[in-house]
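Visitor: One predicted model, sequence on top.
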Amino acid sequence: PNGFAPTDPKSYGPITQAAAARAEIGAPERRRAFCLAVTNDNVSGSRPTTWSAAIDQAAMGAMAGDEDDAPRRLFVVSAGNAPAHMNPAEILSADEYPIEDPAQAWNALTVGGYTDKIVVDDAGYEDWTPLASAGELSPHTRTSVTWPHSKAPIKPEIVMEAGNRAVSPGGTEVLSVDSLMLLTTGNDIANGPLVPFSATSAATAQASRLAAMLSAAHPELWPETIRALLVHSAEWTQPMKELLDAAGKRDSYALLRRFGYGVPNFERAVASAENHLALVAQNTITPFRIEGSRKFKDCHFYRLPWPKDVLENLDANVRLKVTLSYFIEPNPGVSSVIDPQRYQSHGLRFDLRRRSETITQFLERVNPLERDDPQERVQVTPDDGWRFGPGSVSAGSLHCDEWSGPAVHLAARDIICVKPVIGWWRSRGTKDDCGKGTRYSLVATLSAPKVEIDLHTPISILVENTTDIEIAFNDDE
């Protein structure tokens, strides 16, 4: 506040947690998404900080003072803004501006910016042109392209409208003009009820609004699920999609770190929550156990309600999109900045039954303890068809990918698995840590983008005639 000394950056984490706690104490019954549209200026990098770790703790319900039944919390965090240089020669690519602290928080939904605003009609600037074309990244945003892919989460996960900038006719000056910004409410109602608003603060505000709307429409959904549905609903703009379609898998990772999974859409998110074409699962899993030594425990299997006869007779490609969202408990120690497995309490991954696999073969492949000899290596056939593939899964607590291919190939791929991977709960946690249960949300949708076919009716019939989606648990896994 004015008149006070600047806050020590080391205190940003406790202050953020205290702010969240004060809001909850004031209205404990209210469902909320926390909008954090502020970053640690010029402090960037993929490694956890006291601030980003504090956000991860708060999201998990593991901050100081939280009880065992503490609520999970959704934090929507801005990626940070690129410098607004006026000299075109000083403006660098968004790839050269890494996302700022604390947007590297694993459990946060980090929001970057894109823009569709390309019409400059401010008085005196009619002959100026937009700096970015429609559907491209906003000049205001940052990316995580320079972060080590194997150790850093994918950030941002989504992008929202963040405004554009204008270039002078001679290309000698770049300015932010009102017509290329958004509008928001001003604090001077009489003279300026609406004021210009732009950059990743505006993008984060819009994403927070979507989270609040979705939570209000479906109060039964967990924060992990709200995050999953927003990311799952995201689609890339045409310029983004053209870059992705032209890139190989490895090159696509950099593009994913540039604009995330695309632009979310409330109607698509609600449709996933309500439509029988979508599987939305909220579940609790116990990743580890102690029986003599520390071992893996649960693995969950879901039978997907595919209309096999329809898919087998459909001469077209279909798309399966899968999103897995969960919160980790951070371990912000010195060693955690080296190895993600030392920072995360646990990790989760999804796997889809291969076309040629029997159910037994699938179980044996994803779970060594299902084999007669757990040390035996299982022959794994390539799993083609995924846009990003297993190499896209690095650090982080949200994983999203899409499979596309002939419908007949998907007909036999009717079981999806959620399985744990290593984390500090197993390697260095207490006995109680090792036996903890934790929540996750899984979203899967099936579509046939280029053909007109009714997939909804046969899937609806399958779902309505099933008492529950099959989930298999095995304590030896």
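Guide: Now that the structure is in, tell me what you want to look at.
Visitor: Name all residues that make contact with the residue nearest to A269 when sequence neighbours are not counted.
Guide: Leaving aside its chain neighbours, A269 sits nearest to S233 (3.9 Å; criterion: Cβ to Cβ, 6 or more residues apart in numbering). No exception for glycine: its C-beta is placed from N, CA and C like everyone else's. Neighbour list for S233: P264, N265, F266, R268, A269, S272 [criterion: Cβ atoms under 8 Å, 6 or more residues apart in numbering].
Visitor: With secondary structure and neighbour count added, can I get these in TSV?
Guide: Rendered in TSV, the data for the contacts of S233 read as follows (DSSP: H, G, I helix; E, B strand; the rest coil; neighbours: other Cβ atoms under 10 Å):
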residue	secondary structure	neighbour count
P264	coil	26
N265	coil	14
F266	helix	16
R268	helix	18
A269	helix	25
S272	helix	24
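Visitor: Which of those lies at the shortest distance from R47?
Guide: Lowest distance from R47 to these (Cβ to Cβ) belongs to P264, with 27.4 Å.
Visitor: Need phi/psi at the closest one.
Guide: With angles defined as degrees, to the nearest 10, P264 shows backbone torsions of phi -70, psi 160.
Visitor: Show the contacting residues for it.
Guide: For P264, the contacting residues are I158, M160, A207, L210, L230, V231, S233, A234, by Cβ under 8 Å, 6+ apart.
Visitor: State the distance from it to R342.
Guide: From P264 across to R342, the span is 32 Å (Cβ to Cβ, to the nearest Å).
Visitor: likewise A162?
Guide: Using Cβ to Cβ, A162 is found at 34 Å from R342.
Visitor: in the stretch 351-477 of the chain, which spans are strands?
Guide: If DSSP state E, counting those that start in this stretch is used as the criterion, the strands of the stretch 351-477 of the chain fall at 398-406, 415-421, 438-447, 471-472.
Visitor: where does the nearest residue to I55 once chain neighbours are set aside fall, helix, sheet strand or coil?
Guide: The spatially closest residue to I55, leaving aside those adjacent along the chain, is A105, at 4.1 Å (Cβ to Cβ, 6+ apart). The three-state assignment at A105 reads coil, by DSSP: H, G, I helix; E, B strand; the rest coil.
Visitor: same thing with A20?
Guide: A20 carries the three-state label helix when classified by three-state DSSP.
Visitor: That one touches F34, doesn't it?
Guide: Yes: at 6.0 Å, A20 and F34 qualify as touching, with contact defined as Cβ atoms under 8 Å.
Visitor: Between these two, which contacts overlap?
Guide: Residues touching both A20 and F34 (Cβ under 8 Å, 6+ apart): R73.
Visitor: quick one, what contacts N81?
Guide: Counting by Cβ under 8 Å, 6+ apart, N81 makes contact with T39, H140, T141, R142, A199, T200, S201.
Visitor: how close does the second one get to A316?
Guide: Just to be clear, that refers to H140. For H140 relative to A316 (Cβ to Cβ), the value is 40 Å.
Visitor: The two - which one has more neighbours?
Guide: Neighbour tally, H140 and A316, criterion other Cβ atoms under 10 Å: the higher count belongs to H140, 30 against 14.
Visitor: List the contacts of the more buried one.
Guide: With contacts defined as Cβ under 8 Å, 6+ apart, the neighbours of H140 are N81, A82, A84, G113, A162, G163, R165, S198, A199, T200.
Visitor: quick one: which helix or strand includes it?
Guide: In this structure, H140 sits in neither a helix nor a strand according to DSSP states H and E.
Visitor: Leaving out sequence neighbours, find the closest residue to it.
Guide: Once flanking residues are discounted, H140 sits nearest to A199: 3.9 Å by Cβ to Cβ, 6+ apart.
Visitor: Isn't the one you found up against P139?
Guide: No: between A199 and P139 there is no contact, the gap being 9.2 Å when judged by Cβ under 8 Å.
Visitor: Just the pLDDT for the residue nearest to A269.
Guide: Per-residue pLDDT puts S233 at 96.
Visitor: Quick one: closest of the strands of the stretch 351-477 of the chain to P153.
Guide: P153 lies closest to strand 398-406 among the strands of the stretch 351-477 of the chain, at 7.7 Å (Cβ to Cβ).
Visitor: list the helices and strands that closest one packs on?
Guide: helix 223-232, strand 317-326, strand 347-352 (3 or more Cβ pairs under 8 Å, 6 or more residues apart in numbering; DSSP states H and E).
Visitor: for those, which one ends up most surrounded?
Guide: Most buried of the helices and strands packed on strand 398-406 by mean neighbour count (mean count of other Cβ atoms under 10 Å) is helix 223-232; its value is a mean of 28.
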